[in-house]
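Colleague: Generate coordinates for the sequence data below:
(chains A and B)
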Amino acid sequence: MSSLATNIRVVRALGLRSIRQTFRRPQLIAPIIVFPTLLLAIQTGGAGGAVELPGFPPVQSFLQFMLAGAMMQALMLAGNSGGIALAVDIEMGFTDRLFAAPIPRFAIVLGRLAGTAALGLFAALWFLAIGLIFGAEIESGVPGALLAIFLVTTAAMAVGGIGAAIALRTGSASVVQGLFPLVLVVLFVSSAFFPVDLMIEPAKTIAEYNPLSLVVEGIREPIIAEIDAADTLYAVLAILGIVVFGLLLSARALRHRLRVG
Amino acid sequence: MPAIAAEKLERAFEEVLAVQGIDIAVEEGEIFGFLGPNGAGKTTTVRMLTTLLLPTGGSATVAGHDVVGEARAVRSSIGVALQEAALDPLMTGRELIRLQATLQGIPTAEGRRRADDLLERVDLVAAADRRVGTYSGGMQRRLDLAAALVHEPRVLFLDEPTTGLDPVSRKTIWEEVRTLNDEGTTVFLTTQYLEEADQLADNVGIIDSGRIVAEGTPERLKAEIGHPHIQLHIADGSVARAEEVCARIGKLLPPKDGRTVLVEVESGAADIPRVVRALDEAGIAVESLELMRPTLDDVFVAKTGYHLEEEDAKEDGEAVEA
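Modeller: Alright, predicted model coming up:
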């Protein structure tokens, strides 16, 4: 078997382990699904009239608009959960088992990210299902749904890279868990829950430059309208940017961890 | 070529020199016992030899590969069971060994076969599909050992494999280590238990404060610090006379109390009849008699100035107080 095939097997095995680990530890899966679902229910129930505001993008319903935000929140929490799980592995010494194996050490990070991507996929399917059950249509049909799923999955992996880097650097699950409020803050200063055009300064400017807004819009566009090539491209570029940033940070943190032991 | 060779191996953590330029040579097929108290540098040394930690000085090879320049080749040749069994409590025993097989590049079908064989070998077949979190300490150690063996490593590192285990579990691990060694595996075993090193190791290295203070076979180390001695409990009033008699046979050692005579003898058991006969002829009643041989603890005391197990007990006490 070639070295590449062996490495793919290793990443797949570690990815499967990370998925199993998440589903066997309720405190990791619950926030990814329960929290965004509750927030979605509260917001659509309490602020549904927002769609009537002048300047609000044309949508079928507030639920249809909010689906992308809920997915974004879930994928960010998936990245955070992936970081917590990796930090737990470090704390209990499980990563030593992996570091002592003849595999490229970056495969350990990629295995974790594969698991995080699977959680992103699960979250995308969950919220699309909720949307469809409660009457939100996917305006661009199956291709649009597939595009949204693809973007959520890859974005989960991208955010997971940052979570993994923090876990590798600190080796502390409580530090990674402590970033949870920050995840929400970053999300609230994006267009996840409200159109940028209706925001007031300085939130509006921050949201305009927040790369998460590009990702959200890329996910939202095929849900509320036809697929927009420019929005999709910006979303893919933003995800790529986060991937590169996260992986560079992870590589650096990995080197640090091996140096300090 | 030695299975493990370290030359002036050193590791500093900022200002603290945890391992201070140690030399180690472990031959193929040997069990090397690395003995020392908590914080002596045993685990740091193991982490460097298993490529988990970069040395800050010196060099080391394992299975003929440099631990820094050929780390991946080292990792292919070694099995590692670290101090705290590095197990995921959410995985089952079978899943863990299969994962370990994948990490070692073993094809899926072969990995499954080896997992089944190893689970049987360490007597965990019945618990194989239970989550590791439900295992006892002894079961976890056995599983950890099985996982370390999945790729049939040339060199096996066991970092305090029996710490915290009950005597029965400890003996089970010892038997497994002996069997592995009989099959040709070189074993590098760190321990803070004197008996463990004495029972298992062909050669022992004693480390204290990051330096190796003694190295050799347990027998040689013990012989170096003195001959066996006979401890006699004498009836009241006869101790001084008993000392006079014994001084003609061997060298008197400082007594433990007013009723004990300690005499160092050349040959050990063979000298007992001479001592008993001489005392009997002098009309001195012996209440009890015991042949004492130097232990690794005596070696440890001679080399470091303190008892290994006293040190551990003190640290345990401090930990409880903290």
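Colleague: CA atoms for contacts and neighbours, from now on please.
Modeller: Noted.
Colleague: Can you give me every residue that contacts A:Arg169?
Modeller: Counting by CA atoms under 8 Å, 6 or more residues apart in numbering or on different chains, A:Arg169 touches A:Ala253, A:Leu254, A:His256, A:Arg257.
Colleague: 10 Å instead, please
Modeller: Each residue near A:Arg169 by CA atoms under 10 Å, 6 or more residues apart in numbering or on different chains is listed here: A:Ala87, A:Gly163, A:Leu249, A:Ser250, A:Arg252, A:Ala253, A:Leu254, A:Arg255, A:His256, A:Arg257.
Colleague: so the fourth one is in which element?
Modeller: Secondary structure assigned from DSSP states H and E places A:Ser250 in helix A:229-260.
Colleague: what mean pLDDT would you report for that helix?
Modeller: Throughout helix A:229-260, pLDDT has a mean value of 89.
Colleague: How far off centre is it?
Modeller: Chain-centre distance of helix A:229-260: 13 Å, with CA atoms, centre = their mean, to the nearest Å.
Colleague: Mind giving me the packing neighbours of it?
Modeller: Packed against helix A:229-260 by the contact rule (3 or more CA pairs under 10 Å, 6 or more residues apart in numbering or on different chains; DSSP states H and E) you find helix A:106-133, helix A:141-170, helix A:211-224.
Colleague: can you tell which of those helices is closest to B:Ser76?
Modeller: For B:Ser76, the closest of the helices and strands packed on helix A:229-260 is helix A:106-133, at 15.9 Å, according to CA to CA.
Colleague: buried residues in that closest one?
Modeller: Neighbour-count burial for helix A:106-133, counted by 16 or more other CA atoms under 10 Å in any protein chain shown, picks out A:107-125, A:127-128, A:131.
Colleague: Same check on stretch B:66-84?
Modeller: For stretch B:66-84, burial by neighbour count (16+ other CA under 10 Å) applies to B:66-68, B:71-84.
Colleague: which of those residues are close to chain A?
Modeller: Counting by CA under 10 Å from any CA of the partner chain, the subset of the buried residues of stretch B:66-84 that neighbours chain A consists of B:71-84.
Colleague: So which of these sits lowest on pLDDT?
Modeller: B:Glu84 (71).
Colleague: which residues does that residue contact?
Modeller: For B:Glu84, the contact set (CA under 10 Å, 6+ apart) comprises A:Met92, A:Gly93, A:Phe94, B:Gln140, B:Arg141, B:Asp144, B:Asp159, B:Glu160, B:Pro161, B:Thr163.
Colleague: Including secondary structure and neighbour count, could the residues you listed go into TSV?
Modeller: Listed next are those as TSV, based on DSSP: H, G, I helix; E, B strand; the rest coil; neighbours: other CA atoms under 10 Å in any protein chain shown:
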residue	secondary structure	neighbour count
A:Met92	coil	17
A:Gly93	coil	18
A:Phe94	helix	19
B:Gln140	helix	21
B:Arg141	helix	27
B:Asp144	helix	25
B:Asp159	strand	23
B:Glu160	coil	22
B:Pro161	coil	25
B:Thr163	coil	16
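Colleague: Strands of the stretch 1-150 of chain B, residue ranges please.
Modeller: B:4-13, B:16-26, B:31-35, B:57-62, B:65-66, B:78-81 (DSSP state E, counting those that start in this stretch).
Colleague: Out of these, which gets nearest to B:Gly210?
Modeller: strand B:16-26 (4.1 Å).
Colleague: now that closest one, how far from the centre of its chain.
Modeller: Put simply, strand B:16-26 sits 17 Å off its chain's centre (CA atoms, centre = their mean).
Colleague: I'm done for today, thanks for sticking with me.
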